[in-house]
Structures are given as C-alpha cells and as structure tokens.
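Peer 1: just the structure for this:
(one chain, ligands or ions: 1)
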Amino acid sequence: MCRKVLLTAMGICSYFVLMPEPSSHPRLVGRWALANADQAGQIVRVECYHCSITRHYYPADLKALFGNVPPSGIRMRCEKCGKTDWIRADFVRMSAAERQAIRIRKLVGVRMVRKVIWKDE
Ligand SMILES: [Zn+2]
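Peer 2: Model (predicted):
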C-alpha cells in the first residue's frame, strides 16, 4: 500500500517535527502497548539521539496512527536530520509537576497525500 501519514500540525511549527512513519508489526502484539500506556496515564517520549531532540505525545494520538503497538513499533522520522534509525520511543510516567514543564504535541489531524505516478507509453 502506498500511504503516507503527515501531521497537519507541521505548519504551526516553524522548525522540525518528528513525523510518523506508518508501520504494522503483528509480532509486536501482546506487549505493553499504546492502549496500556493510555490507560495508565503514561506519556510517549520520542527522542532523536542524533539531534538530541525530545518530543512528547499522547498514547491515544499515536495509537490512531500506528495501531496498538509497543514503543518499538513507533516509527518516526526526525524532520531535522531526516533519519529514522536514531529515533527511540519510550513510555514514561510523569508527575503533575513534570507534565507542567513539558509541552505535549497533540494530534490535530491526519492528511493523506495523493501521489501522482506517470508512465511514458
Ligand atoms: Zn534528528
């Protein structure tokens, strides 16, 4: 399937965003996953170790994009360096004070991109 997921929130952000890459890993089912993290009140922390960038997301938002996957199933691309292999996602539990100190990136919408393919005949 030729499908690409983009965050429409991109336009609001003047610098980079971590963009999700759609993935489906049946073998990841059955582990502590986004639905569990959501119920437990955890936050998803996504880091690019190459750029030392950290972003926080709601598990329910990422579940809408990736399905109910564990942290290893969350595939994102760093918009600053364009790399996917330096991205690491974790579920974290935060105190109220810690949550006050960070900004959580909320999913505004998902836009499907139409790709045009030409063939010379
Ligand atoms: Zn990066």
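Peer 1: C-alpha from now on. contacts and neighbour counts both.
Peer 2: Will do.
Peer 1: how about the residues of the chain by the ion?
Peer 2: With the criterion set to Cα under 5 Å from the ion, the chain comes near the ion through 48, 50-51, 78, 81.
Peer 1: among these, which ones are in helices?
Peer 2: Judged by DSSP state H, the subset of the residues of the chain next to the ion located in helices is empty.
Peer 1: next one: the lengthiest helix in the chain to chain centre, how far?
Peer 2: Of all segments of type helix in the chain, defined using DSSP H, the longest is helix 59-66. Its chain's C-alpha centre and that of helix 59-66 lie 8 Å apart, by Cα atoms, centre = their mean, to the nearest Å.
Peer 1: filter the residues of the chain next to the ion to the buried ones?
Peer 2: 48, 78 (16 or more other Cα atoms under 10 Å).
Peer 1: which residues in the chain form strands?
Peer 2: With strands called from DSSP state E, the chain shows them at 5-7, 18-20, 43-48, 53-57, 76-78, 87-92, 104-105, 110-112.
Peer 1: tally of neighbours for the closest residue to Arg31 other than its chain neighbours?
Peer 2: Nearest residue to Arg31 in three dimensions, chain neighbours excluded: Pro70, at 6.2 Å (Cα to Cα, 6 or more residues apart in numbering). Using other Cα atoms under 10 Å, Pro70 has 23 neighbouring residues.
Peer 1: try Thr54
Peer 2: Neighbours around Thr54, by other Cα under 10 Å: 15.
Peer 1: circling back: mean pLDDT lowest where, among the strands of the chain?
Peer 2: Among the strands of the chain, strand 5-7 has the lowest mean pLDDT, at a mean of 39.
Peer 1: ok, back up a step: for the longest helix of the chain, list every residue counted as buried.
Peer 2: Buried residues in helix 59-66 (16+ other Cα under 10 Å): 59-63, 65-66.
Peer 1: distance of Cys51 from Asp38?
Peer 2: 27 Å (Cα to Cα, to the nearest Å).
Peer 1: pretty sure Tyr49 sits against Ile87.
Peer 2: Yes: counting by Cα atoms under 8 Å, Ile87 is a contact partner of Tyr49 at 6.4 Å.
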